[in-house]
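# make a model of this:
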Amino acid sequence: MRILGVENAENAQGSPSRSGTLPERLSAELDSIRFATILFADIVGSTRLLRALDPEDGRDLLDSSIALIQDAIHEFGGLVVRIQGDGVMAVFGVQPAAEDHALRGALAALRIGEKMKSGALGFLPAPQVRVGIHAGPILLRRQDNDFGSILDVVGHAAHVAGQIEKMAPPGSVAISATIASLIAEPTELRPAGSIESGGSETPEGRGEAVFELLSVDFLGSDRVPVKGNATAPVIGRETELEQLRALVGGLANARQGTLAIIGEAGMGKSRLLLEASRIAAGHGTTFAAVRGNALLEAVPFGCLGGTLRHLIDLLQPFAPDPAVAAQLSANEAACLAGLSANETGWLSHLPPGDRSRIATGTIVRIVELAAAHMRLLLLVDDAQYLDSETLMVLAAITRGGRIAMIVAGRPEGLPRINGLCATQLRLGSLSRSAARTLVSLINRIAPVDDSVIDHVIDRAEGLPLALQEFAVMLQGTPAADADGGDDALSAAPLPARLDALLAARLAALDADATRLCQICAVLGPVFPVSRLQRGGELVCRNPVTAVARLVDARVIEFVGTGQARFTHQLVQEAAYRAMARRRRTAMHGNALVILKEAKARTDLALRAGTGDETASHAELATHAEKAGLHAEALVHLWEACVQALSLAAIDAVRQLHERACAIVARLPAAQAAFERSRFAMLVFDTLQQLSLEQILRTDVLAVADGKVNLGPGLRTVARINMALLDWIDGAPTRGMVWLAQAEADLDKHESLPRRTYADLTAAYLAFSLGNPAEAVNRIDRLGARLADGLRGETFGAVVVIPHVLARAFGAWYLTDLGQTAKARSWVAEAINLSRRYTHAYSRMLADLAHGYLHYRAGRMERALPILRRAHADCLRHDFLGFEPACVSWLALCMIEQGLLTEAAQVLSQSVERGHFRKVRTSATYYLHEARARLAMARNEASEAANLAALALNHARDCEDVVHELHALTLCAEVSAISGQPVARADTPSISTLKARADELGLAVLQKRLERLAI
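All right, here's what the predicted structure looks like:
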């Protein structure tokens, strides 16, 4: 064995405490999760030796042996955790915080054997020592006993190390495969078997190989101070850099473009955005950043407040009052003030559609104002966390064509990015040659051995961030330390080997800086400076020094106006994961205090330039939940839902409801049922648009049948909800029972909103059950109630205007009844109202009614573009409950126009999406009919017969009398073409079908049946 350059390791590192009390600097490490190396050493045959010696001689031998083992451990920076009889337990990588803890443990183990053989005990043969080492996640904690406080290590990794020690031959060292993988230096190993570790440090279901360690060839290097990752060169991205230069350079010639950068975490997306900003500076181009944040994913426009403030700052030399320069209206100016201050109550008196429209237009006009005064480049980072409203704003900016944009995000954000960028860059792992060049350039001042670089490249596996971090570590520690990563910490988003480096950097902080880093970690990757300062006041004795320490250690940096962030999101994740559960809970409690204080500050203080931002209720709910304050979390989630509803942000509502359900599951049964039902009633209307209404059935039922008491008004609404749920679920007869109960409630306690809702639902049920005249009469009565200014009311239903909904459905019914003049009148009402109030859902419904009217009248050239727009809006806004109807009527129109290929495409895509399986109404019937008519147009008689039978079975299963007649007519048409009856159709005669159509007044079927009779 050769161990070079480590004889003075103890003096260089400073000797750890040997008094049995806690080392002074370890106070910051307690109650934290660390990835460390555990060593167990045991004197072989000590019982036999002691029995053969005088008691005092035995004591001296045992004490001398233990002291020798302790000296070897301390020599390499290890801490002795426990001495029990003739055994010693030690930990490496805790104090000092070093990423090469596996190497240190291995060298200490070999040193123990070397010392025992050297005669240091004063007599030979000396006792033999068996040593075992393993690495894995551990919890550091303080343990108090009658003799004081000591450091204790808890974790499965310690148990595994003890088992490995028992596998070592006497006088030797046994190490796990995990340890072997973490030692970059050449080692001589001999297989010694395997052990079931069962811990997160090995893949699930696989054992841990064990080796006898014979030698380590250790090399040293100089320590070189380094700065942040931004100084590292960009290597292996020549194609990507050329595209960045072309896009930025094109701005000088008034050529705008968009570019997406897609890659996994750590693949260098943010680094390329930084390079784009530097290229922009070289071309005299100004950039503005938009950054997604997981905490703000459910907050409409939540990611744009900082961008707006930055643009306002940039505009000061040109337009001291941007609102005036952009010719904003009073409402738009108020919106700008609210968004830039990150308020939530701006223009609260306006309908939600107006608020969203005003906000979108305001932001776009400010961006365009900036572009009018400077060449502007938008850099969008972490697009996977952007809220839907921010994406709408970015899409509007892109359509304007005056501003270049680069959008970066992880692969899971690709669906969001696709609509923004014309060109995409997919970042893959760097080639081996590029990785070698990168590591060599970073270490050009103090070159390292090629074998060490090889180990770094192997561990980084082409991930640029890992390569940069490992290369930087080579400059700051001995060359061997470059391989100080680990294989595990499963279920974590960080690569395991990179995690060890980040954890080591964080663990090197002192107590104050560690606490401040932890509170920053719970605040997220980016946070206002004011929150950093307040966090320091809460948890630090010397906040200023703690902030300086974090900056010096490259943990955080200051960016933009009043903003701070972790130097990389992975650093934040590592800091968060390093906290034990109790510490994490406490830090979320501190964050909650900070955010609530920030929310309580006055608007004047916010506009005075403090850099603070008003916390959203979604953020407050997150911290309250993770602080264990479930009741408070639900309060904030409720307010967040209300805010999202006020902006018709249906996807945000879905996310917030899911979070509420997760919290409610932790409450006692009675309280949980109450809270689930309360939230279900709040979000019912919105989740219906996503075709998710059935997940609320149990909770709504609890209110409808009185098991959960939310008051008589909500009980009535719940009963109407149940009627609607049953109609959507294909059970209109059952729905009529609930509707009767609701209408009995309304007879006792009249309410215009609830009566309107009941009439709408009654119309749906009546038409399905074969009473179209009653359906139209219901809608007539509803319209009479909503006369004058009430026709634009939403009654709290934020996604659709009830009058538009009624007129759209009524127009469909009238079209089927042949009352086209009245249908046109109702369609016109729906279109005018939807345009006036800018409700996207209402506009889609109006377009559907309009397109359907033209389709049934045979005006395909007019119907097709309208139905195309409705279909596009349905998919764009996730109005999935109407996706089957949009697709079906569009496809039917295409088939009539002879666009069979396109019809087949939209139908197959709809079937693949599968939303029709959740909508057991006529919408799904029409999907089956469209597919059957496509098959007929393609002369696929057998397929058409099967699909017609499917349509008939669906209508019958759903008690849909009207569309059962439609289906029977379809079956008759298929039979007429194929010459064979449709299986299970039992199709009545044409005259019988015509009589039933006459009875129901279905003019649309009368015409088809007349053609069949001929």
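
# host element of Val210?
Using DSSP states H and E, Val210 sits in strand 208-216.

# from the chain's centroid, how far away is the helix or strand that that strand is followed by?
Toward the C-terminus, strand 208-216 is succeeded by helix 238-251 as the next helix or strand (DSSP H and E). Put simply, helix 238-251 sits 30 Å off its chain's centre (CA atoms, centre = their mean, to the nearest Å).

# buried stuff in helix 238-251?
240, 243-244, 247-248, 251 (16 or more other CB atoms under 10 Å). Yep, even glycine has a C-beta here, placed from its N, CA and C like the rest.

# tell me which element the closest residue to Asn721 other than its chain neighbours falls in.
Distance criterion CB to CB, 6 or more residues apart in numbering; nearest residue to Asn721, sequence neighbours excluded, is Val700 at 4.8 Å. Under the criterion of DSSP H and E, Val700 resides in helix 697-704.

# okay, now the nearest residue to Gly400 once chain neighbours are set aside: neighbour count?
Once flanking residues are discounted, Gly400 sits nearest to Glu368: 6.4 Å by CB to CB, 6+ apart. Per other CB atoms under 10 Å, the neighbour tally for Glu368 reads 15.

# repeat that for the one 10 residues further on.
The local packing of Leu378 (other CB under 10 Å) involves 23 other residues.

# so how far is Leu336 from it?
18 Å (CB to CB, to the nearest Å).

# hmm, back to that, just curious, which of the buried residues of helix 238-251 is nearest to Val664?
Glu240 (45.9 Å; CB to CB).

# what does the model give that closest one for pLDDT?
Per-residue confidence (pLDDT) for Glu240: 90.

# quick check: the gap between the spatially closest residue to it that is not a sequence neighbour and Ala232.
Counting by CB to CB, 6+ apart, Leu425 is the residue found nearest to Glu240 once chain neighbours are left out, at 5.3 Å. Relative to Ala232, Leu425 is positioned 19 Å away (CB to CB).

# next: Leu637.
41 Å.

# try Ala951
For Ala951, the distance to Ala232 (CB to CB) stands at 62 Å.

# those two - which one has more neighbours?
Ala951 (29 against 22).

# packing partners for the helix or strand that one falls within?
Following DSSP H and E, one finds Ala951 within helix 941-957. Under the contact criterion of 3 or more CB pairs under 8 Å, 6 or more residues apart in numbering; DSSP states H and E, helix 941-957 touches helix 922-937, helix 961-978.

# state the phi and psi torsions of Leu378.
phi -100, psi 130 (degrees, to the nearest 10).

# any weak-confidence spans in the stretch 651-800 of the chain?
Along the stretch 651-800 of the chain, the model assigns pLDDT under 70 to residues 788-789, 792, 794-800.

# let's see it at 90
Residues of the stretch 651-800 of the chain that meet the criterion pLDDT under 90 lie in 651-652, 685-691, 750-753, 781-800.

# swap in the stretch 201-350 of the chain?
201-208, 215-239, 241, 244-258, 261, 263-314, 319, 336-350.

# if we can go back for a sec, dump the strand holding Val210 to PDB, restricted to CA.
Provided in PDB are the C-alpha atoms of strand 208-216 (Å, rounded to 0.1, in the frame of the first residue of the first chain):
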ATOM      1  CA  GLU A 208     -24.400  -4.600  -2.400                       C
ATOM      2  CA  ALA A 209     -21.100  -6.100  -3.500                       C
ATOM      3  CA  VAL A 210     -18.400  -6.200  -0.900                       C
ATOM      4  CA  PHE A 211     -14.600  -6.100  -1.500                       C
ATOM      5  CA  GLU A 212     -11.500  -6.500   0.500                       C
ATOM      6  CA  LEU A 213      -9.500  -3.300   0.100                       C
ATOM      7  CA  LEU A 214      -5.800  -4.000  -0.300                       C
ATOM      8  CA  SER A 215      -4.400  -0.700  -1.300                       C
ATOM      9  CA  VAL A 216      -5.100   2.900  -2.600                       C
END
